[in-house]
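Novice: Whatever this is, show me its structure:
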Amino acid sequence: MRFFVAAKKVLVFGLLCIPVVAYSHYGLSKLTVPSMVTLYVLPFAAVAFVQISTRFRVALNISLYSSACILVVGIYAIEYSLIFQTRYEHRIRAYAAKHGYEPDLRVMPETARDLRAKGTEAYITAKPASKLITIDGRGKIQGLSEKANSLIVFCNEIGKPMTYQSDKYGFNNPPGIWDAG
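Specialist: Next up, the predicted model:
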């Protein structure tokens, strides 16, 4: 029985935090009516339902509290990811405006795909762990370079895709550096 009391308190606290967090982040003026209902009305309705549900059977309460706790955690996770993404895009847009260019918010695979669609053969940089290959079943080795003589898209952290033309061994070196030495 103590589990139900503790779960109920945690659930009620979590549900009541949703409007508080929403108000501190959005206020009232920036939201549409459906958003206000979702962020302000539904949590209070859910708290009322939790208070009423104490009269249900114990097995039903376990299902309700478990499902509701998962739902509340999911809502917080989605909200956090949206806030993080919005802040990240805002920083990129601010940096681009400061330096006088229009930001490009595509991720590396989208940039490479769009370059290929325009006729430029482009590849994304591979993560080190994905470069592990097995040679004759004797063990794994890690490649050190990218595809040779190719356009490599390796990041987009400032709203501008960063690319380079790899040399004949797949490294980011100036042309002819291997022949000069």
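
Novice: Flag every buried residue along the host helix or strand of Y123.
Specialist: For Y123, the host element (DSSP states H and E) is strand 122-124. Using 16 or more other CB atoms under 10 Å as the test for burial, strand 122-124 gives A122, Y123, I124. (Each C-beta comes from the backbone N, C-alpha and C, glycine too.)

Novice: so how far is K9 from the second one?
Specialist: Which is Y123. Separation of Y123 from K9 (CB to CB, to the nearest Å) stands at 53 Å.

Novice: sorry, back to before: partner strands of the strand holding Y123 and their direction?
Specialist: Strand 122-124 pairs in its sheet with strand 151-155 (parallel), by DSSP bridges.

Novice: before we move on, back to that, Serialize the buried residues of strand 122-124 to CSV and add fields for pLDDT.
Specialist: Putting these into CSV (pLDDT from 0 to 100) gives the following:
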residue, pLDDT
A122, 92
Y123, 90
I124, 88
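
Novice: wait, which of those residues is closest to I18?
Specialist: Each of the buried residues of strand 122-124 was scored against I18 by CB to CB, and I124 proved nearest at 38.0 Å.

Novice: any idea of the pLDDT on the residue nearest to that closest one when sequence neighbours are not counted?
Specialist: Spatial nearest neighbour of I124, excluding adjacent residues (CB to CB, 6 or more residues apart in numbering): M108 at 4.4 Å. For M108, the pLDDT comes out at 87.

Novice: Tell me who's in contact with M108.
Specialist: Contact analysis of M108 by CB atoms under 8 Å, 6 or more residues apart in numbering lists I124, T125, V153, F154, C155, N156, P161.

Novice: From those, keep the buried residues only.
Specialist: Buried by 16+ other CB under 10 Å: I124, T125, V153, F154, N156, P161, out of the contacts of M108.

Novice: could you measure the last one against V10, distance?
Specialist: In this structure, P161 and V10 are separated by 44 Å, where distance is defined by CB to CB.

Novice: and what of the first one?
Specialist: Computed with CB to CB, the distance linking I124 and V10 is 43 Å.

Novice: Checking the spatially most central residue of the chain next. Helix, strand or coil?
Specialist: Centroid-nearest residue in the chain, with CA atoms, centre = their mean: S81, separated by 5.9 Å. Secondary structure, DSSP: H, G, I helix; E, B strand; the rest coil: S81 is helix.

Novice: Mind jotting down where the strands sit in this protein?
Specialist: Applying DSSP state E to the chain gives strands spanning 122-124, 132-134, 140-142, 151-155, 162-165.

Novice: K168: how many residues sit nearby?
Specialist: Residues lying near K168 (other CB atoms under 10 Å) number 13.
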